[in-house]
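> Fold the following, please.
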Amino acid sequence: MKASATAWIAALALGLTAASAHADDIEGNIESIDKEAMSLVVDGKSFSTNEQTEYEDELKSFSDLQQGMRVEVDYEETNGEMIATEIEVDD
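So this is what the prediction gives:
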């Protein structure tokens, strides 16, 4: 009984870990911007933004982003989708 309870707890912990988001960041130039989809491509990777995305430095909103601008994007990857959590100008 004790062994099966331990195995169940371990399986649950692994399942929760697999379902959680993976956080990371990337620095690079904005290659393209899709204002309608509120997404951008940096270093060949596509990032979605949402109402929780934070903008730092002189960036106040998504509309301040420009193609060619060098940025750092903090993001979470969930189910293969990269969602920007913070975008700031990279000096």
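> Can you name the residues in contact with the longest strand along the chain?
Identified as the longest strand of the chain according to DSSP state E is strand 22-34. With C-beta atoms under 8 Å, 6 or more residues apart in numbering as the test, strand 22-34 has contacts from 39-45, 65-78, 85, 90. (C-beta placed from N, C-alpha, C; glycine too.)
> ok, of these, which come out buried?
Ser39, Leu40, Val41, Val42, Leu65, Met69, Val71, Glu72, Val73, Asp74, Tyr75, Thr85 (16 or more other C-beta atoms under 10 Å).
> All the strands of the chain, residue numbers only.
22-34, 39-42, 45-48, 54-55, 70-78, 81-89.
> what about the first one, average pLDDT?
The reference is to strand 22-34. For strand 22-34, mean pLDDT rounds to 94.
> And stretch 69-88, by the same measure?
Stretch 69-88 comes out with an average pLDDT of 96.
> ditto for stretch 40-57
For stretch 40-57, mean pLDDT rounds to 97.
> burial of the closest residue to Tyr55 other than its chain neighbours, as a residue count?
Spatial nearest neighbour of Tyr55, excluding adjacent residues (C-beta to C-beta, 6 or more residues apart in numbering): Ile87 at 5.6 Å. Around Ile87 there are 27 other residues, counting by other C-beta atoms under 10 Å.
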